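Student: take a look and give me a structure for this.
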Amino acid sequence: MSAPDRAAPPRFAFDLAPGASAPANDRFFSSGQSPGGPTLHLIGPGRVGREFLRQLEAQPLPLRLVAVSDTTATAYDRAGLSAAALLAHKASGQSLAAWPGAERLPGEVAIEVIGADLVVDATPSRADAVEAAITRGRAALRHGACFVTCAKGALAAVGSDWLLGNTRGRLGIDAVLGGTGHQLVAELAELRAAASGVALVGNATTTTIVTEVEQGASIEQGIEVARQRGLLEPDAALDLDGHDAATKLRIVAGLLFGEAWTRPPAAEAVRRESVRELDAELLRARRRCGVTTRLVARAGRGGGGLAATFEAVPLGSPLAAPPDRVVYTYELADAVRVHTGLALGHERTASAMLGDVRRALLGHRQPAAEVRP
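Tutor: Numbering: from 1, shown residues only. Here you go, the predicted model:
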């Protein structure tokens, strides 16, 4: 794995689990309060980013939105931007380059120059955008900000460095894992020590397709239902060929068992199956016998046997997740720990990211009293 990023003294932190140790440089926490309160920089006002702005407008938080960046430019105002005005601007079909006074800056440069207390990256996950997402995250963490993201590819590549290093208290990943990310972070020390394996049903798109097929639809009709519900990634193949489930497995397995690897496994290291290869009649026959089918991603502590394949799952199993949620299970010596999440679709993804922002504000550390010799 690469060396952890060197980070500036952090200004905010997410709440740590009870009894967990703080990052090594915790004694350097400062208030970080800019005049007028904490500041927020949104990257990516696409479907999720605009929903994030709508929810932020409807549920005001004690912070100022000072910058919004898209691929064309950054709109910035230290006194605060209007979320409603930005939403109207984007709804009119205009890019941020047309916003009065907007600057054309690369994303990581804008993050560094603006220096907001919280950076929220709502850009969609794409295979060709992983390095850019990593660069933005490093820029935010380097200058001491809290970084909230939904970028799965970036977390699969460097999440262990970020979450196991001195930046772990400043990374919000709830949306990345379908609303279970905050649970994993809170229990990470325990699960790293005790979990022998992980099995997850983290892709709601394939669960929706399977459910529709069990009720008589064709595979293609099931895909269309998933599309209408807003569950498909912008690149639909990421859901349909198992890539999304494999990426989430790489994130979780890397955090739990990464010491067994010399480097994070690439997507090709995970054996995958495509939803288009399913036998519709077999799925319906299983369902008549009280068994369903799920795309289950598995990994063990040894680091081998990574797979995201369709399995027959008893209806009473925690892995028999309904279409509106994801399930992550962790095998302990005497029990199975279950995390469930509902952050599916753009509205719930945005809500999960806003939840991470709230946790960051709650975890804000006040400066220690100055000690003079």
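
Student: tell me where the stretch 151-300 of the chain has strands.
Tutor: Under the criterion DSSP state E, counting those that start in this stretch, the stretch 151-300 of the chain contains strands at 171-172, 197-201, 271-272, 291-300.

Student: wait, isn't L184 in contact with V176?
Tutor: No: using CB atoms under 8 Å, L184 is not in contact with V176; the gap is 9.7 Å. Using the backbone N, CA and C atoms, a C-beta is placed for each residue, glycine as well.

Student: of all the strands of the stretch 151-300 of the chain, which lies closest to T39?
Tutor: Closest of these to T39 is strand 171-172, at 15.9 Å (criterion: CB to CB).

Student: what residues does that closest one touch?
Tutor: 14, 137, 141, 146-149, 162-163, 181-182, 185, 353, 356-357, 359-360 (CB atoms under 8 Å, 6 or more residues apart in numbering).

Student: now the stretch 51-200 of the chain, which segments are flagged as low pLDDT?
Tutor: By pLDDT under 70, the stretch 51-200 of the chain contains no weakly predicted segment.

Student: give me the buried entries from the contacts of strand 171-172.
Tutor: Listed as buried from these are 14, 137, 141, 146-149, 162-163, 181-182, 185, 353, 356-357, 359-360; burial here means 16 or more other CB atoms under 10 Å.

Student: just to revisit the earlier point, narrow the contacts of strand 171-172 to those in strands?
Tutor: Within the contacts of strand 171-172, residues falling in strands by DSSP state E are 146-149.

Student: run a quick neighbour tally on the nearest residue to C150 once chain neighbours are set aside.
Tutor: What sits nearest to C150 in space, not counting adjacent residues and going by CB to CB, 6 or more residues apart in numbering, is A175, at 4.1 Å. By the criterion of other CB atoms under 10 Å, A175 has 30 neighbours.

Student: and A175, what does it touch?
Tutor: So A175 contacts 148-150, 181, 343, 349-350, 352-353, 356 (CB under 8 Å, 6+ apart).

Student: 7 Å instead, please
Tutor: 150, 181, 343, 349, 352-353 (CB atoms under 7 Å, 6 or more residues apart in numbering).

Student: what's the closest of the residues you listed to E51?
Tutor: Ranked by distance to E51 (CB to CB), the contacts of A175 are led by T349 at 7.7 Å.

Student: could you measure from the nearest residue to E311 once chain neighbours are set aside over to K152?
Tutor: Nearest residue to E311, sequence neighbours excluded (CB to CB, 6+ apart): V296, at 4.6 Å. Between V296 and K152 the distance, using CB to CB, to the nearest Å, works out to 18 Å.

Student: cool, E233 as well?
Tutor: Computed as CB to CB, the E233 to K152 distance reads 9 Å.
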